[in-house]
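**Student:** Structure for the following, please:
(chains A, B, C and D)
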Number of protein chains: 2
Amino acid sequence: MDNTPRISDAEWQVIKVIWQRPGISAQEIIEELEHSSSWSPATIKTLLNRLLKKKALRFEKEGKAYCYHALVSEEECRQSESDSFLSRVFDGALSPMLAHFIRSRPLSEEELNELESLVRQKKGKP
Amino acid sequence: MDNTPRISDAEWQVIKVIWQRPGISAQEIIEELEHSSSWSPATIKTLLNRLLKKKALRFEKEGKAYCYHALVSEEECRQSESDSFLSRVFDGALSPMLAHFIRSRPLSEEELNELESLVRQKKGKP
DNA sequence: ATTTTTCATTTACATTTGTAATCAATTCAA
DNA sequence: TTGAATTGATTACAAATGTAAATGAAAAAT
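**Tutor:** Just a heads-up that it's a prediction; the model follows:
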């Protein structure tokens, strides 16, 4: 049951803010996004409504303000985006994809250590 | 200079076939895709034309047939898709993204070894 | 209570995408 | 050489997306 809704690029920006602060009000969302984006408040409202329509969000009326909560988890959406990215761009082949990223970008010593231990850990369990 | 064109999901399917066999004819592309997809030939032609318009492909007339070549490399497109995926879904944070994939999917012993050695290798050079 | 302000809901509109049918030119067969 | 068959180019159209303005109802101010 893949009922995770398809979330567009712009919508991701918005729902991310809500994941970070569940129950955040529309006003606060707009303020937050006025920094990280160049959208007009109207645009942000449209995106909120689309996410509502897709059942990715719900809202609660807290007194005068509308407060938003996610109905899909970030983990869930990441999973589904990751699936689609992996199959589209790397034909579903995980290990070439990982290799691509490891090769193509700088990683700090710590991150490399972390990765190494993740891989080791994974090796333990079949 | 980010002149890599934006390639849609459906277009990826098509250009992948061309990367695999540079110089492939339209007819062959259609045959190839009739297996892996459920598109009508007309649809595939549309996608070819869109890719032409985006300067992602060019064609050569070999006698009667049109033969297609990519103008953007697979590596290039992977890079650009990867950038956009990473920043949209993981806020650009590489290492959490890698962790997500390593955790969430099965990897064979060999793949794990390969990854380990990639990481080691990377550790060598600062 | 009436005006003003606020803010959620509707409507707008151009572009991209998925999906395909039709048109037009070139080639092949009769 | 003329009609039939291929097949690339053009046109079609609905849904999704990016971007935002107009509308309408509720709250606040006067």
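
**Student:** Close to chain B: what parts of chain A are there?
**Tutor:** A:9, A:12, A:16, A:77-79, A:81-82, A:84-86, A:88-91, A:94-95, A:97-105, A:107, A:109, A:111-112, A:114-116, A:118-120, A:122-123 (Cβ under 8 Å from any Cβ of the partner chain). Every residue, glycine included, has its C-beta placed from N, CA and C.

**Student:** Buried members of those residues into PyMOL, please.
**Tutor:** Command for PyMOL, covering only those of the residues of chain A next to chain B found buried under the criterion 16 or more other Cβ atoms under 10 Å in any protein chain shown:
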select buried, chain A and resi 12+16+77+78+79+81+82+85+86+88+89+90+94+95+97+98+99+100+101+102+107+111+112+114+115+116+118+119+122
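
**Student:** isn't residue A:85 right up against residue B:85?
**Tutor:** Yes: using Cβ atoms under 8 Å, residue A:85 is in contact with residue B:85, at 4.6 Å.

**Student:** The residues of chain A next to chain B: which ones sit near DNA strand D?
**Tutor:** Contacts with DNA strand D are made by residue A:9 out of the residues of chain A next to chain B, judged by Cβ under 7 Å from any atom of the strand.

**Student:** Quick one: low-confidence residue ranges for chain A.
**Tutor:** A:1-2, A:125-126 (pLDDT under 70).

**Student:** quick one, helices of it?
**Tutor:** Taking DSSP state H, the helices of chain A run over residues A:9-20, A:26-36, A:41-53, A:74-90, A:94-104, A:109-124.
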